[in-house]
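Student: Kindly return the folded structure for what I paste below:
(one chain, ligands or ions: 1)
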Amino acid sequence: MTPQTLIFIESQDYTMVLQTDWNKRLRHIYFGEKLVQSSDYALIAKQFRYNGVNEDVFNVAYTPSGTWNIAEPALQIQHTDGNPSTELHYVQHKVQQLQENVLQTVIDLVDPLYETSVRLFFKVYQKENVFEQWTNIQNGEKGAILLKKYASANLYFRSHDFYLTQYHGTWATEMQPVTQRLTKGIKMLDSKLGARANLYAPPTFMLSFDEKSTEETGKVLLANLAWSGNFRFDFEVDRYDNLRLIAGANPYNSEYQLKEGESFETPHLIFVYSENGKGEASRNLHQWARKYRIYDGEGERLTLLNNWEATYFDFDENKLVQLFDGAKKLGVDLFLLDDGWFANKYPRNSDFMGLGDWQTNRKKLPSGLGYLVKEANKKGIEFGIWIEPEMVNPKSELYENHPDWVIRQPDRREYYYRNQLVLDLSNPEVQDHVFGVFDTIFTENPKMAYCKWDCNSIVYNSYSAYLEKENLPQTHLYVDYVKGLYKVLQRVRAKYPKVPMMLCSGGGGRVDYGALQYFTEFWVSDNTAPIDRVFMHWEYSHFYPAIVLCAHVTNWDKSASIKYRTDVASMGKLGFDIVVEELSDKEQQFCREAVQNYDSFKDVLWKGDLYRLQNPYDYPFASFQFVSVDKSRSIVFSYLITNRFEINYSIEPVRFKGLDASQKYRIRELNLFPNTISSIDESAVYSGDYLMKIGFNPDIGLERKSVVLEVKSLS
Ligand code: GLA
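Tutor: Just a heads-up that it's a prediction; the model follows:
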């Protein structure tokens with residue numbers, strides 16, 4: 001008998017252990033804190049008698065179907081001869097050090113009967129305890145096989161209880177959490193929307209083991225599928241009360257044909273694990289994301305003035321040039337021209353027409369984009385532009401000229417989302433077109449400094465004229481759309497490596513670590529009401545660092561003061577979307593000073609560590625703290641969220657975190673409205689120890705609904 005093989009997939013603090021059984025199946029036997037003595041791992045499997053009388057096996061590392069399996073599979077294949085059964089045997093594995101801090105384990109599995117093989121990839125970022133997992137399926141058979149299910153990851157966790165936090169929402173109500181204890185059976189989260197795939201649910205979840213984790217306690221896993229299309233997560237509590245997690249692209253209408261010799265790489269699942277609560281998990285994920293994933297994640301960002309809410313479609317070049325003065329007054333870096341600047345036959349004066357016709361609208365902008373770039377530059381600001389190149393209005397020249405480029409059922413009525421349809425990115429010609437939209441603008445205007453890339457529609461009537469022509473299955477469309485999108489974005493990045501790009505999808509309708517490989521930031525939500533944004537920021541901050549969370553000061557909720565709105569937006573990547581001239585002199589002065597303050601502390605925000613201090617769900621207040629890596633400077637944002645029950649002032653201090661206990665700090669209030677005096681004693685000196693054990697009262701009240709504090713070390 002072959003000896004059993006043990007495979008360790010290790011990060012700095014945690015280990016996933018896989019072991020072969022006597023049937024050569026590879027099984028999960030441990031996930032958690034590292035054991036002190038590594039020889040102990042070989043003794044783990046002996047402690048468990050998972051196979052009961054019925055021989056049911058739940059903990060296989062990549063569960064095939066049609067053979068011994070009775071639980072939800074990770075892989076379903078129809079072989080060349082039509083046979084739907086697959087078995088996977090362990091063959092070999094190797095561990096490679098890809099770069100400092102990054103270890104990759106590759107495991108080869110094969111079907112003993114068919115020449116189909118599966119490779120499991122585990123890339124582990126040691127220091128951050130981040131795991132990246134995916135699978136490659138290789139067709140070695142003589143003819144085509146059909147992949148019916150092809151998960152990225154199949155994990156297995158042992159615990160008393162599991163608490164799943166999932167997120168839901170729709171336009172303007174993104175990232176609302178729901179936490180529930182998982183019970184027997186399968187809980188499924190998924191999307192079938194094609195493009196704008198996370199309109200209702202992002203490919204993101206949090207899992208707590210044993211009990212609900214807190215910021216500082218508990219075992220917790222935060223995960224994201226790096227895939228900008230349909231996804232599916234199955235959480236199956238098995239008959240041993242353990243959790244099987246199967247995550248990947250959604251197999252719904254997505255059978256994928258692999259020709260002889262072809263292989264298929266699944267999307268990557270990213271997860272971070274911590275036994276010290278959500279705070280540590282998210283700080284590690286932020287560090288990982290900035291260093292390894294987000295485009296230019298450790299670079300700089302531009303503050304901006306956007307004209308979407310300021311003008312909607314109603315503008316011309318004179319109005320825009322006037323708005324530039326506002327950007328100048330605020331002291332932001334860039335002016336961002338939003339929707340409505342293009343199309344002539346069907347002018348883009350509303351969202352009913354023109355989308356797809358990317359020629360400058362001659363009536364609104366007779367002097368062209370180049371003139372606007374020049375005028376902005378003259379005033380000392382950069383100029384950026386909005387595009388939505390994957391989409392088309394039926395009322396457009398693009399639709400008239402290329403109906404076969406549109407995703408639509410040829411013989412059925414069309415269904416629209418925001419009056420538009422999605423272009424077929426499985427088609428290389430369409431990829432060229434989408435790339436061309438970007439390329440033309442940025443080649444003709446070499447000083448164009450920024451792009452907001454939007455994606456507003458979901459896919460109805462999924463059907464591709466291109467796949468039909470190529471004699472490929474229609475069920476490739478959902479997957480090939482995303483692959484086509486990534487191909488375009490790779491071309492954009494190869495040619496324009498320096499342009500910052502905002503990922504937008506009517507707000508946060510497409511946010512994931514697949515897309516963020518190409519984008520520097522994303523538009524959190526069209527909802528910019530500051531209280532809603534505090535909640536959204538709280539939730540997004542578990543998964544994404546502040547440097548990517550675009551936050552703009554707008555008039556969405558005018559009942560909040562300009563200070564409150566600006567303080568909230570200052571926690572993300574700051575921007576404005578207002579007519580500056582409509583603000584009073586004092587408000588303008590306040591905003592200008594807030595931009596200066598932001599510029600002075602943005603490094604702490606963008607590169608430092610985030611501590612979520614006070615939870616807006618449980619308290620009338622919310623508090624967020626950012627701490628510089630060397631702990632010498634920290635910015636604390638506190639907000640009054642509600643004044644229900646007349647709790648409208650901060651009774652107790654907020655305990656700070658992440659400071660150096662032995663250092664002395666002074667506290668100063670930032671973003672004061674002109675002519676107001678801070679109630680904070682700026683001369684007092686506190687030890688880090690005091691601030692973390694006793695805390696500090698930001699003095700929130702009805703007159704001070706939002707407070708920004710700078711905590712600075714004396715040394
Ligand atoms: C989407 C975006 C907005 C704006 C409009 C323009 O809704 O989220 O920010 O760009 O499109 O049509």
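Student: Up against the ligand, what does the stretch 301-450 of the chain have?
Tutor: Counting by Cβ under 6 Å from any ligand atom, the stretch 301-450 of the chain comes close to the ligand at 308, 338, 339, 351, 386. Where you see a C-beta, it was placed from the backbone N, CA and C, and this is true even at glycine.
Student: Next, give phi and psi for the residue lying closest to residue 561 once chain neighbours are set aside.
Tutor: Closest residue to residue 561 apart from its sequence neighbours, by Cβ to Cβ, 6 or more residues apart in numbering: residue 705 at 7.2 Å. The phi and psi values for residue 705, taken as degrees, to the nearest 10, are phi -80, psi -20.
Student: Can you verify my assumption that residue 705 contacts residue 639?
Tutor: Yes: using Cβ atoms under 8 Å, residue 705 makes contact with residue 639 at a distance of 6.7 Å.
Student: Pull up the overlap in contacts between these two.
Tutor: With contacts defined as Cβ atoms under 8 Å, 6 or more residues apart in numbering, the residues shared by residue 705 and residue 639 are residue 564.
Student: Tell me the pLDDT of whichever residue of the stretch 101-250 of the chain sits closest to the ligand.
Tutor: Nearest residue of the stretch 101-250 of the chain to the ligand, counting by Cβ to the nearest ligand atom: residue 171, 7.7 Å away. Listed pLDDT for residue 171 reads 98.
Student: cool, and the one 10 residues further on?
Tutor: pLDDT for residue 181: 98.
Student: Is it bridged to anything, and to what?
Tutor: residue 163 (DSSP bridges).
Student: what's near enough to touch it?
Tutor: Contact analysis of residue 181 by Cβ under 8 Å, 6+ apart lists 161, 162, 163.
Student: do whatever helix or strand residue 532 lives in and the ligand meet at all?
Tutor: Residue 532 belongs to helix 530-543 when assigned by DSSP states H and E. No: for helix 530-543, no contact with the ligand is found by Cβ under 6 Å from any ligand atom; the gap never falls below 13.6 Å.
Student: name the helices or strands packed onto the very next helix or strand once past that helix?
Tutor: Sequence-wise, the next helix or strand downstream of helix 530-543 (DSSP H and E) is strand 549-553. Where contact means 3 or more Cβ pairs under 8 Å, 6 or more residues apart in numbering; DSSP states H and E, strand 549-553 is packed against strand 521-523, helix 530-543, helix 562-569, strand 573-576.
Student: State the distance from the residue nearest the centre of the chain to the ligand.
Tutor: By Cα atoms, centre = their mean, the chain has its centre lying nearest to residue 512, at 3.3 Å. To the ligand, residue 512 is 17 Å away according to Cβ to the nearest ligand atom, to the nearest Å.
Student: Assign a three-state SS to that residue, would you?
Tutor: Secondary structure, DSSP: H, G, I helix; E, B strand; the rest coil: residue 512 is coil.
Student: Considering only the stretch 451-600 of the chain, name the residue that lies closest to the ligand.
Tutor: Taking Cβ to the nearest ligand atom, the ligand has its nearest neighbour within the stretch 451-600 of the chain at residue 506, 4.1 Å off.
Student: Any idea how far the helix holding residue 532 is from the middle of the chain?
Tutor: Distance of helix 530-543 from the chain centroid (Cα atoms, centre = their mean, to the nearest Å) equals 13 Å.
Student: average pLDDT across it?
Tutor: Computed over helix 530-543, the average pLDDT equals 98.
Student: likewise stretch 459-475?
Tutor: Average pLDDT, stretch 459-475: 98.
Student: ok, back up a step: quick one: list the elements packing against the helix holding residue 532.
Tutor: Against helix 530-543 (3+ Cβ pairs under 8 Å, 6+ apart) you get strand 176-181, strand 219-226, helix 277-288, strand 549-553, helix 562-569, strand 609-614, strand 621-627, strand 633-640.
Student: where does the stretch 51-200 of the chain have low pLDDT?
Tutor: Applying pLDDT under 70 to the stretch 51-200 of the chain flags the ranges 52-55.
Student: at 80 what do you get?
Tutor: Where the stretch 51-200 of the chain drops to pLDDT under 80, the residues are 51-56.
Student: of all the residues in the chain, which ones are close to the ligand?
Tutor: Within reach of the ligand by Cβ under 6 Å from any ligand atom, the chain has these residues: 308, 338, 339, 351, 386, 454, 456, 504, 506, 507, 523, 526.
Student: Can you flag which of those belong to helices?
Tutor: Judged by DSSP state H, helices contain the following of the residues of the chain next to the ligand: residue 308.
Student: can you put the residues of the chain next to the ligand in CSV and add neighbour count?
Tutor: Below are those laid out as CSV (neighbours: other Cβ atoms under 10 Å):
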residue, neighbour count
308, 19
338, 21
339, 21
351, 17
386, 21
454, 25
456, 25
504, 27
506, 23
507, 26
523, 27
526, 17
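Student: so of the residues of the chain next to the ligand, which ones are in strands?
Tutor: Within the residues of the chain next to the ligand, residues falling in strands by DSSP state E are 386, 523.
Student: that older thread, so what's the residue of the stretch 101-250 of the chain closest to the ligand up against?
Tutor: Shown in contact with residue 171 (Cβ under 8 Å, 6+ apart): 199, 506, 507, 509, 526.
Student: Just want the phi and psi numbers for it.
Tutor: Residue 171 adopts backbone torsions of phi -50, psi 130, taken as degrees, to the nearest 10.
Student: separation between residue 628 and residue 576?
Tutor: Distance, residue 628 to residue 576, using Cβ to Cβ, to the nearest Å: 26 Å.
Student: Give me the more crowded residue out of these two.
Tutor: residue 576 (29 against 20; other Cβ atoms under 10 Å).
Student: Quick check, pLDDT for the closest residue to the ligand within the chain.
Tutor: The nearest approach of the chain to the ligand comes at residue 339, 3.4 Å away (Cβ to the nearest ligand atom). Looking at residue 339, its pLDDT stands at 98.
Student: Could you list the low-pLDDT ranges of this structure?
Tutor: Looking along the chain with the criterion set at pLDDT under 80, you get 1-3, 50-56, 643-646.
Student: Could you list the domains of it?
Tutor: Taking automatic domain parsing as the reference, the chain has its domains at 6-292, 610-713.
Student: I'd like the ones you listed as CSV, with distance to residue 401 appended.
Tutor: Shown next, in CSV, are those (distance: least, Cβ to Cβ, whole Å):
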stretch, distance to residue 401
domain 6-292, 21
domain 610-713, 48
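Student: before we move on, back to that, my guess is the residue nearest to the centre of the chain meets residue 225, correct?
Tutor: Yes: between residue 512 and residue 225 there is a contact under Cβ under 8 Å: 6.4 Å.
Student: what do the two both touch?
Tutor: In contact with both residue 512 and residue 225: 203, 204, using Cβ under 8 Å, 6+ apart.
Student: Which helix or strand contains residue 604?
Tutor: Using DSSP H and E, residue 604 sits in helix 585-607.
Student: Compute the inter-axis angle for that helix and strand 633-640.
Tutor: Put simply, helix 585-607 runs at 120 degrees to strand 633-640, going by axes from the mean of the first three to the mean of the last three Cα atoms, to 10 degrees.
Student: how distant is helix 585-607 from the center of its chain?
Tutor: 26 Å.
Student: Which strands and helices lie in contact with it?
Tutor: Under the contact criterion of 3+ Cβ pairs under 8 Å, 6+ apart, helix 585-607 touches helix 317-330, helix 562-569, strand 573-576, strand 621-627, strand 633-640.
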